[in-house]
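[1] this one's structure only:
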């Protein structure tokens with residue numbers, strides 16, 4: 001036997017895959033011609049032009065109808081007159097929220113009556129006229145077709161009775177005039193304030209006095225001094241001189257004196273609280289004996 005080794009059979013090499021062919025290039029669509037592009041854009045502009053023409057025609061027709069049927073100097077007046085001929089008139093006027101303001105006064109300021117064209121008046125002008133009434137704080141006017149006009153009123157609430165130069169008027173919390181009539185009905189309901197500038201500063205003072213109810217219950221009037229500070233006139237005839245800008249501290253000190261010594265129940269002329277470290281009390285002048293005892297008064 002020979003030592004020759006048998007040869008191994010040669011393994012065939014795997015065939016290499018052929019490179020993939022590149023995808024076919026996308027074919028560009030044919031570009032439309034110039035006339036096609038013009039026709040495509042032209043249809044869009046044509047539709048817009050037609051819509052504008054229809055709108056213009058409608059406005060022109062409306063103007064011609066208003067000119068033919070309506071009367072007045074403005075478009076609103078002609079519109080109201082024309083629509084009024086077709087039945088759009090005021091049938092009902094409803095006032096809401098008024099308690100103190102007389103209704104005839106509201107109707108006169110509104111300037112609209114039953115039978116008037118409901119589109120023939122300005123709600124803005126009507127609201128401005130209503131808000132010139134002293135009782136009226138704000139007003140809204142609303143048209144509700146076919147024939148209803150709704151007026152919503154917010155009235156000013158009387159906050160204080162203001163005395164100036166011997167004249168009494170009611171003012172609201174913001175210092176606006178409410179009315180100068182029927183003030184007697186509110187004498188026992190609102191505080192009395194006196195002097196120039198009192199209405200604009202009264203709300204702040206009353207808020208401070210609300211924290212001292214014992215003092216507020218004994219106050220007869222609040223007098224504005226120099227439009228910068230207050231004097232309180234009490235039921236016992238005493239004047240409480242409050243400092244400018246430090247009223248809460250002075251009122252708290254006065255409340256302590258009242259609780260400890262019943263200061264406001266004594267016959268006093270004034271209590272000066274304007275100094276931060278001390279207070280000054282001036283007693284009321286002693287009355288003559290003839291005033292204290294009427295039996296000793298000499299006949300006249």
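    On my side now, so go ahead. What you see is a predicted model; the values in this text were computed from it and never measured.

[2] pretty sure residue 126 contacts residue 108?
    No - using Cβ atoms under 8 Å, residue 126 is not in contact with residue 108, being 11.3 Å away. To be clear about C-beta, it is placed using only N, CA and C from the backbone, and glycine gets the same treatment.

[3] now stretch 166-180: average pLDDT?
    Stretch 166-180 shows a mean pLDDT of 94.

[4] buried residues, it. List them.
    Buried residues in stretch 166-180, counted by 16 or more other Cβ atoms under 10 Å: 169-172, 175, 178-179.

[5] which of those sits closest to residue 113?
    Nearest to residue 113 among the buried residues of stretch 166-180: residue 179, at 25.7 Å, using Cβ to Cβ.

[6] and that closest one, what does it touch?
    The contact partners of residue 179, taken as Cβ atoms under 8 Å, 6 or more residues apart in numbering, are 100, 134-135, 158, 169-170.

[7] now do residue 230
    Residues in contact with residue 230, defined by Cβ under 8 Å, 6+ apart, are 201, 205, 222-224, 242, 247.

[8] residue 126 and residue 108 - which one has more neighbours?
    residue 126 (19 against 12; other Cβ atoms under 10 Å).

[9] over to the more buried one. Which of the three states is it?
    Put simply, residue 126 is helix when judged by DSSP: H, G, I helix; E, B strand; the rest coil.

[10] I'd like to know how far it sits from residue 273.
    Residue 126 sits 51 Å away from residue 273 when distances are taken as Cβ to Cβ, to the nearest Å.

[11] low-confidence ranges in the stretch 201-300 of the chain?
    287-300 (pLDDT under 70).

[12] and the strands in it, which stretches?
    Counting by DSSP state E, counting those that start in this stretch, the stretch 201-300 of the chain has strands at residues 219-225, 229-234, 239-241, 268-272, 280-283.

[13] residues making contact with the longest one?
    What it means is strand 219-225. Residues outside strand 219-225 that contact it (Cβ under 8 Å, 6+ apart): 163, 191-198, 201-202, 205, 209, 230-235, 239.

[14] correct me, but residue 100 touches residue 154?
    No - counting by Cβ under 8 Å, residue 154 is not a contact partner of residue 100; they are 11.7 Å apart.

[15] between those two, which one's more packed in?
    residue 100 (17 against 14).

[16] name the nearest residue to the more buried one, sequence neighbours excluded.
    Once flanking residues are discounted, residue 100 sits nearest to residue 135: 5.3 Å by Cβ to Cβ, 6 or more residues apart in numbering.

[17] and the one you found, what does it touch?
    Residue 135 makes contacts with 98, 100-101, 155-156, 178-179, as judged by Cβ under 8 Å, 6+ apart.

[18] okay, residue 265 and residue 115: tell me how far apart.
    Counting by Cβ to Cβ, the gap from residue 265 to residue 115 is 66 Å.

[19] ditto for residue 91
    Using Cβ to Cβ, residue 91 is found at 8 Å from residue 115.

[20] so the two - more neighbours on which side?
    Taking neighbours as other Cβ under 10 Å, residue 91 and residue 115 compare with residue 91 leading, 13 against 10.

[21] which one is that one nearest to, not counting chain neighbours?
    In space, and not counting its chain neighbours, residue 91 is closest to residue 147: 3.3 Å by Cβ to Cβ, 6+ apart.

[22] try residue 169
    Among residues not flanking residue 169 along the chain, residue 180 sits closest, at 4.4 Å (Cβ to Cβ, 6+ apart).
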